[in-house]
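# everything below, folded, please.
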Amino acid sequence: MGVAAGPIRVVVAKPGLDGHDRGAKVIARALRDAGMEVIYTGLHQTPEQIVDTAIQEDADAIGLSILSGAHNTLFAAVIDLLKEREAEDILVFGGGIIPEADIAPLKEKGVAEIFTPGATTQAIVDWVRENAHHPAGA
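The predicted structure is shown next:
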(Lines give C-alpha, C1' and ligand atoms only; values in the text may rest on other atoms or scores of the structure.)
Protein backbone atom coordinates (compact mmCIF):
# COMPACT_ATOMS: atom_id res chain seq x y z
CA MET A 1 0.00 0.00 0.00
CA GLY A 2 0.99 3.61 -0.30
CA VAL A 3 3.26 3.11 -3.33
CA ALA A 4 0.94 4.55 -5.96
CA ALA A 5 1.21 8.30 -6.08
CA GLY A 6 -2.26 9.60 -5.48
CA PRO A 7 -3.27 12.88 -3.95
CA ILE A 8 -1.81 13.90 -0.62
CA ARG A 9 -4.12 12.59 2.13
CA VAL A 10 -4.64 14.78 5.16
CA VAL A 11 -6.64 14.06 8.29
CA VAL A 12 -7.99 17.32 9.73
CA ALA A 13 -9.02 16.95 13.35
CA LYS A 14 -10.29 18.94 16.30
CA PRO A 15 -9.04 17.22 19.41
CA GLY A 16 -10.25 18.02 22.88
CA LEU A 17 -13.25 19.90 24.12
CA ASP A 18 -13.14 22.75 21.69
CA GLY A 19 -16.54 23.55 20.19
CA HIS A 20 -15.48 25.77 17.29
CA ASP A 21 -14.61 24.12 14.02
CA ARG A 22 -14.95 26.92 11.51
CA GLY A 23 -11.18 27.26 11.15
CA ALA A 24 -10.73 23.52 10.70
CA LYS A 25 -13.45 23.45 8.05
CA VAL A 26 -11.88 26.38 6.20
CA ILE A 27 -8.53 24.56 6.13
CA ALA A 28 -10.15 21.27 5.12
CA ARG A 29 -11.90 23.01 2.23
CA ALA A 30 -8.73 24.82 1.12
CA LEU A 31 -6.73 21.58 1.08
CA ARG A 32 -9.54 19.81 -0.79
CA ASP A 33 -9.74 22.67 -3.32
CA ALA A 34 -5.99 22.24 -3.85
CA GLY A 35 -6.59 18.64 -4.94
CA MET A 36 -5.79 16.85 -1.69
CA GLU A 37 -7.92 14.16 -0.11
CA VAL A 38 -9.14 15.42 3.23
CA ILE A 39 -10.64 13.28 5.95
CA TYR A 40 -12.34 15.60 8.41
CA THR A 41 -12.95 13.86 11.73
CA GLY A 42 -15.29 16.41 13.29
CA LEU A 43 -15.32 17.74 16.83
CA HIS A 44 -14.20 16.26 20.15
CA GLN A 45 -11.83 13.63 18.83
CA THR A 46 -9.41 11.93 21.18
CA PRO A 47 -5.77 11.60 20.13
CA GLU A 48 -6.40 7.84 19.83
CA GLN A 49 -9.31 8.37 17.42
CA ILE A 50 -7.27 10.80 15.34
CA VAL A 51 -4.27 8.46 15.07
CA ASP A 52 -6.55 5.48 14.28
CA THR A 53 -8.17 7.45 11.48
CA ALA A 54 -4.83 8.60 10.06
CA ILE A 55 -3.45 5.05 9.99
CA GLN A 56 -6.64 3.54 8.56
CA GLU A 57 -6.82 6.20 5.88
CA ASP A 58 -3.12 5.89 5.00
CA ALA A 59 -2.77 9.62 5.63
CA ASP A 60 0.35 11.60 4.76
CA ALA A 61 -0.36 14.27 7.35
CA ILE A 62 -2.53 15.17 10.33
CA GLY A 63 -3.66 18.75 10.80
CA LEU A 64 -4.82 19.57 14.31
CA SER A 65 -6.86 22.67 15.04
CA ILE A 66 -6.73 23.61 18.70
CA LEU A 67 -8.27 26.67 20.30
CA SER A 68 -8.82 25.34 23.79
CA GLY A 69 -5.36 25.90 25.25
CA ALA A 70 -4.69 22.18 25.60
CA HIS A 71 -2.34 22.12 22.62
CA ASN A 72 0.77 21.00 24.50
CA THR A 73 -0.94 17.89 25.85
CA LEU A 74 -2.88 17.07 22.70
CA PHE A 75 -0.02 17.46 20.22
CA ALA A 76 2.27 15.41 22.46
CA ALA A 77 -0.35 12.66 22.77
CA VAL A 78 -0.82 12.41 19.00
CA ILE A 79 2.93 12.31 18.36
CA ASP A 80 3.52 9.69 21.08
CA LEU A 81 0.75 7.49 19.67
CA LEU A 82 2.15 7.74 16.13
CA LYS A 83 5.56 6.65 17.45
CA GLU A 84 4.01 3.79 19.41
CA ARG A 85 2.26 2.58 16.29
CA GLU A 86 5.34 3.01 14.09
CA ALA A 87 3.56 5.63 12.02
CA GLU A 88 5.79 8.61 12.75
CA ASP A 89 6.23 9.19 9.04
CA ILE A 90 2.80 10.85 9.20
CA LEU A 91 3.45 14.57 9.40
CA VAL A 92 1.74 16.46 12.23
CA PHE A 93 0.96 20.14 11.84
CA GLY A 94 -1.41 22.39 13.64
CA GLY A 95 -2.97 25.72 14.07
CA GLY A 96 -5.18 27.73 16.31
CA ILE A 97 -4.63 29.93 19.29
CA ILE A 98 -1.13 28.86 20.23
CA PRO A 99 1.12 31.25 22.17
CA GLU A 100 4.39 32.15 20.48
CA ALA A 101 6.30 30.79 23.49
CA ASP A 102 4.84 27.30 22.96
CA ILE A 103 5.77 26.96 19.30
CA ALA A 104 9.47 26.05 19.66
CA PRO A 105 8.82 23.40 22.35
CA LEU A 106 6.05 21.87 20.21
CA LYS A 107 8.40 21.68 17.24
CA GLU A 108 11.03 20.03 19.46
CA LYS A 109 8.45 17.38 20.35
CA GLY A 110 7.95 16.64 16.69
CA VAL A 111 5.19 18.94 15.47
CA ALA A 112 6.28 19.81 11.93
CA GLU A 113 4.67 23.25 11.72
CA ILE A 114 2.36 25.54 13.66
CA PHE A 115 0.14 28.08 11.96
CA THR A 116 -1.06 30.96 14.09
CA PRO A 117 -4.30 32.83 13.34
CA GLY A 118 -2.58 35.19 10.89
CA ALA A 119 -1.60 32.38 8.52
CA THR A 120 -3.35 32.36 5.16
CA THR A 121 -5.01 29.22 3.87
CA GLN A 122 -2.73 29.48 0.82
CA ALA A 123 0.36 29.40 3.04
CA ILE A 124 -0.96 26.26 4.73
CA VAL A 125 -1.81 24.58 1.41
CA ASP A 126 1.64 25.39 0.02
CA TRP A 127 3.35 24.10 3.16
CA VAL A 128 1.43 20.80 3.14
CA ARG A 129 2.12 20.34 -0.56
CA GLU A 130 5.86 20.84 0.01
CA ASN A 131 6.16 18.76 3.17
CA ALA A 132 3.67 15.90 3.15
CA HIS A 133 5.73 12.92 2.14
CA HIS A 134 4.66 11.26 -0.99
CA PRO A 135 6.49 8.12 -2.05
CA ALA A 136 6.61 9.11 -5.71
CA GLY A 137 7.56 12.69 -4.89
CA ALA A 138 4.31 13.91 -6.42
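
# tell me which element residue 108 is part of?
With the criterion set as DSSP states H and E, the secondary-structure element containing residue 108 is helix 100-109.

# contact partners of the helix or strand following that helix?
Using DSSP H and E, the helix or strand that directly follows helix 100-109 along the chain is strand 113-115. Residues external to strand 113-115 that are found in contact with it (Cβ atoms under 8 Å, 6 or more residues apart in numbering): 93-95, 98, 103, 106-107, 123-124, 127, 131. In this view, the C-beta of every residue, glycine as well, is placed from N, C-alpha and C.

# ok, stretch 43-62 next?
Outside of stretch 43-62, the residues within contact range by Cβ under 8 Å, 6+ apart are 1-2, 8-19, 21, 39, 41, 64, 74, 77-78, 81-82, 85, 87, 90-93, 112, 128, 131-134.

# hang on, the earlier thing: output the contacting helices and strands for the helix holding residue 108.
Applying 3 or more Cβ pairs under 8 Å, 6 or more residues apart in numbering; DSSP states H and E, we find helix 100-109 packed against helix 71-84, strand 113-115.

# can you tell me the average pLDDT over the next helix or strand after the longest one?
It refers to helix 71-84. Past helix 71-84, further along toward the C-terminus, the next helix or strand under DSSP H and E is strand 91-96. Mean per-residue pLDDT for strand 91-96: 93.

# partner strands of strand 91-96 and their direction?
The partner list of strand 91-96 in its sheet, established with DSSP bridges, is strand 61-66 (parallel), strand 113-115 (parallel).

# got a list of contacts for the next helix or strand after the last one?
In the C-terminal direction, the helix or strand that comes right after strand 113-115 (DSSP H and E) is helix 121-131. Taking Cβ under 8 Å, 6+ apart as the criterion, the residues outside helix 121-131 that touch it are 8, 10, 26-27, 30-31, 34, 36, 61, 63, 91, 93, 95, 112-113, 115.
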